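Enquirer: turn this into a structure:
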Amino acid sequence: MVSQEQRRRQLAREKFLRQQQRRTSARRKARVRNSVIASVLGVIVIGSVALYTTGVLKGDDKKTNTAADVTPSAAPTSKAPDPCAKPAAGSAQKLSWKKEPAMTIDTSAKYTMKLATTCGDIDIDLKTAAAPHTVNSFDFLAGKGFFDHTKCHRLTTTGIYVLQCGDPQGTGMGGPGYTLPDENLKDKSLKANTYPAGTVAMANTGQKHTGGSQFFLVYKDSPLPPQYTPFGTVSDAGMKVLQKIAAAGAQPADPTTQNTAPNATVVINKATVTKS
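Expert: Sure, this is the predicted structure:
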């Protein structure tokens with residue numbers, strides 16, 4: 001026969017054991033959670049270092065290709081007066097397609113692209129024969145108004161010298177919903193791992209065939225490996241516009257995106273691709 005006191009002690013012991021089990025379980029979960037957090041923070045720290053030193057910046061429609069925006073980051077310069085006009089009325093459209101558009105351009109013809117920006121017109125001779133998929137995509141996107149009213153979200157002023165545009169979100173994370181194959185990576189202009197001033201090239205994730213809609217314009221010779229499709233050359237007049245934008249400097253890096261936005265209000269009011 002178990003006395004009431006013995007029964008009480010047994011119940012207390014069982015309660016204590018259950019509490020110990022719950023505490024052990026809680027500690028185990030906390031260790032796992034902390035381990036995961038530490039791993040994530042480690043990835044973030046490593047990623048931030050990579051952003052600064054190698055220039056990998058994820059972007060361009062996470063739903064389809066995780067990212068598509070690679071150009072090295074740079075230290076911001078001091079704030080300078082805005083040399084550009086106010087943007088035209090309107091807002092960027094959030095358009096998306098599941099696959100690359102069908103080829104509709106004449107690959108033997110000459111095409112040019114005009115970026116009518118708040119800072120002046122930037123005319124670009126497109127390398128149609130060397131980068132047909134890229135030029136065809138830009139012809140398609142420009143025709144749909146994809147680039148209209150979009151901000152150029154990034155200006156790098158140290159290490160490499162580029163203005164990055166082509167994201168309707170203005171964050172470096174947007175894109176058209178599809179990716180493009182790399183093209184023209186053996187262009188004769190790319191010597192000694194350098195993209196010369198005046199080059200217009202595709203941004204990407206650092207992985208092959210991950211370009212989308214984001215592109216960068218080089219305003220000063222920039223050391224970069226030949227991994228970014230060069231598909232155009234800026235006109236002399238367009239280079240003066242780029243130099244004006246660069247002279248205004250860049251803002252401090254955004255803590256979320258790590259973008260160093262230009263001090264100048266650089267907005268593409270209208271993008272047009274023309275067959276000549």
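
Enquirer: which residues does residue 268 contact?
Expert: When the contact criterion is Cβ atoms under 8 Å, 6 or more residues apart in numbering, the partners of residue 268 are 115-117, 147-152, 165. Heads up, the C-betas are built off the backbone N, CA and C, glycines and all.

Enquirer: one more time with 10 Å, if that's ok
Expert: For residue 268, the set of contacting residues under the criterion of Cβ atoms under 10 Å, 6 or more residues apart in numbering consists of 87-88, 92, 114-119, 122, 142, 146-152, 165-166.

Enquirer: for residue 146, same thing?
Expert: Counting by Cβ under 10 Å, 6+ apart, residue 146 touches 92-97, 137-138, 140, 166, 168, 175-176, 213, 268, 271.

Enquirer: switch to 8 Å and redo it
Expert: The neighbours of residue 146, taking Cβ under 8 Å, 6+ apart as the test, are 93, 95, 168, 176, 213, 271.

Enquirer: again with residue 213
Expert: Counting by Cβ under 8 Å, 6+ apart, residue 213 has contacts 60, 68, 137, 141, 146-147, 166-168, 174-176.

Enquirer: need the three-state assignment for it.
Expert: In terms of secondary structure, residue 213 is coil; the call rests on DSSP: H, G, I helix; E, B strand; the rest coil.

Enquirer: any low-confidence regions in the stretch 1-150 of the chain?
Expert: Counting by pLDDT under 70, the stretch 1-150 of the chain contains low-confidence ranges at 1-80.

Enquirer: residue 108 reaches residue 132, doesn't it?
Expert: No - under the contact definition of Cβ atoms under 8 Å, residue 108 does not touch residue 132, with a separation of 10.0 Å.

Enquirer: give me the more crowded residue out of these two.
Expert: The residue with more neighbours, out of residue 108 and residue 132, is residue 132; 20 against 8, by other Cβ atoms under 10 Å.

Enquirer: for the more buried one, which non-adjacent residue is spatially closest?
Expert: By the measure of Cβ to Cβ, 6 or more residues apart in numbering, the closest residue to residue 132 outside its immediate chain neighbours is residue 107, 4.7 Å from it.

Enquirer: tell me the contacts of the one you found?
Expert: Residue 107 is in contact with 128-129, 132, counting by Cβ under 8 Å, 6+ apart.

Enquirer: could you redo the last one with a cut-off of 10 Å?
Expert: Residue 107 is in contact with 128-133, 135-136, counting by Cβ under 10 Å, 6+ apart.

Enquirer: of those, just say which sits nearest to residue 183.
Expert: Minimum distance to residue 183 across the contacts of residue 107 is 4.1 Å, recorded for residue 131 (Cβ to Cβ).

Enquirer: the closest one: neighbour count?
Expert: Counted by other Cβ under 10 Å, the residues lying close to residue 131 total 26.

Enquirer: out of the contacts of residue 146, which end up buried?
Expert: A residue is treated as buried here by neighbour count (16 or more other Cβ atoms under 10 Å); on that basis the buried members of the contacts of residue 146 are 168, 176, 213, 271.

Enquirer: among those residues, which ones are in strands?
Expert: Here DSSP state E is the test, and the buried ones among the contacts of residue 146 give residue 271 as lying in strands.

Enquirer: CSV for the buried ones among the contacts of residue 146, including distance to residue 190 and pLDDT?
Expert: Output for these, formatted as CSV (distance: Cβ to Cβ, whole Å; pLDDT from 0 to 100):
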residue, distance to residue 190, pLDDT
168, 29, 97
176, 25, 98
213, 22, 98
271, 25, 98
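
Enquirer: hang on, the earlier thing: quick one: secondary structure of the residue nearest to residue 132?
Expert: Secondary structure assignment for residue 107 (three-state DSSP): coil.
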